[in-house]
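Visitor: Below is the structure, and that's it, no one-letter string:
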């Protein structure tokens, strides 16, 4: 298969190590990866604010960059959710529909498409608190949310449990929002910060040494909260753990 690597703009600018880990991890499984150099923002920030006019150009550029690939894979649940379910500021031609259908978040691609069963190169001897973002859980379905009846499942946890030495610690409220929410953390700063410190304290109560997530945007928010409070937690994207670095 030929896969287009979608690296969201904030990962490219602030957390390039998460993007590098995603690339290296997929290559370990023999996937042919291409990184379109002209990619920019997928249009999510504008669309979330109802600004379809300005999201349209970003969405069209995204489609132009990725329409030729069998799959598009990105290490960010919220951005992937936008592409799959909200890329509607532009006409829904066959290229757009193809891109929407074939775009996957990294965890669901590893779990559902590649059906990975082992990460023999990975070793991580730490206690880990797992954060699946709201977009990943309730948008993409990588885990069952607590308000839904049914058989529990957690694709992120299943992958992490394959890493030698890693101990997943239980959380009191594992799928509670951390307060990031994109522009919500700007427009409702006090509420967002309060939600964030609640999340950080949940990790501390269970002696987590690292917080790991498929969504670096949530980790960015939680990391900022922890640093401001003088709390020495470490935060990593799940790709870095599964790939064995870079850290």
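Guide: Thanks, I have the structure now. Source: prediction; values computed, not measured.
Visitor: Show me what the lengthiest helix in the chain is in contact with.
Guide: Ordering each helix of the chain by length in residues (DSSP state H) puts helix 189-205 first. Residues from elsewhere that reach helix 189-205, judged by Cβ atoms under 8 Å, 6 or more residues apart in numbering: 129, 131, 169, 171-173, 176-181, 184-185, 211, 221-222, 224-226, 229, 231, 233. Using the backbone N, CA and C atoms, a C-beta is placed for each residue, glycine as well.
Visitor: now swap in stretch 25-33 and tell me
Guide: By Cβ under 8 Å, 6+ apart, stretch 25-33 touches 1-3, 5, 23, 73, 106, 110, 114, 116, 121, 239, 242-243.
Visitor: circling back: relative to the helix or strand following the longest helix of the chain, what are the paired strands and their orientations?
Guide: Going down the chain from helix 189-205, the next helix or strand is strand 210-213, by DSSP states H and E. Its sheet considered, strand 210-213 pairs with strand 127-130 (parallel), strand 234-237 (parallel) by DSSP bridges.
Visitor: Make JSON lines out of the ones you listed and add distance to residue 197 and mean neighbour count.
Guide: Putting the strands paired with strand 210-213 into JSON lines (distance: least, Cβ to Cβ, whole Å; neighbours: other Cβ atoms under 10 Å) gives the following:
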{"stretch": "strand 127-130", "distance to residue 197": "14", "mean neighbour count": "21"}
{"stretch": "strand 234-237", "distance to residue 197": "15", "mean neighbour count": "21"}
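Visitor: And the strands in this protein?
Guide: All strands of the chain, identified by DSSP state E, fall at 2-5, 32-34, 71-74, 103-105, 127-130, 167-168, 210-213, 234-237.
Visitor: from those, which stretch is densest packed?
Guide: Mean neighbours per residue, mean count of other Cβ atoms under 10 Å, is largest over the strands of the chain for strand 103-105, with a mean of 27.
Visitor: Mean pLDDT added to the strands of the chain, as JSON lines?
Guide: JSON lines is the format used below for the strands of the chain (pLDDT from 0 to 100):
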{"stretch": "strand 2-5", "mean pLDDT": "98"}
{"stretch": "strand 32-34", "mean pLDDT": "97"}
{"stretch": "strand 71-74", "mean pLDDT": "98"}
{"stretch": "strand 103-105", "mean pLDDT": "98"}
{"stretch": "strand 127-130", "mean pLDDT": "98"}
{"stretch": "strand 167-168", "mean pLDDT": "98"}
{"stretch": "strand 210-213", "mean pLDDT": "98"}
{"stretch": "strand 234-237", "mean pLDDT": "98"}
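Visitor: Same question for stretch 155-164: list its buried residues.
Guide: 155, 156, 157, 159, 160, 163 (16 or more other Cβ atoms under 10 Å).
Visitor: could you pull out the helices for this structure?
Guide: Using DSSP H, the helices of the chain run over residues 9-14, 16-28, 44-48, 52-66, 77-85, 94-102, 106-108, 134, 155-160, 184-187, 189-205, 216-228, 238-243.
Visitor: circling back to that earlier point, what would the strands of the chain look like in JSON lines with distance to residue 53?
Guide: Below are the strands of the chain laid out as JSON lines (distance: least, Cβ to Cβ, whole Å):
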{"stretch": "strand 2-5", "distance to residue 53": "26"}
{"stretch": "strand 32-34", "distance to residue 53": "30"}
{"stretch": "strand 71-74", "distance to residue 53": "24"}
{"stretch": "strand 103-105", "distance to residue 53": "23"}
{"stretch": "strand 127-130", "distance to residue 53": "38"}
{"stretch": "strand 167-168", "distance to residue 53": "44"}
{"stretch": "strand 210-213", "distance to residue 53": "32"}
{"stretch": "strand 234-237", "distance to residue 53": "32"}
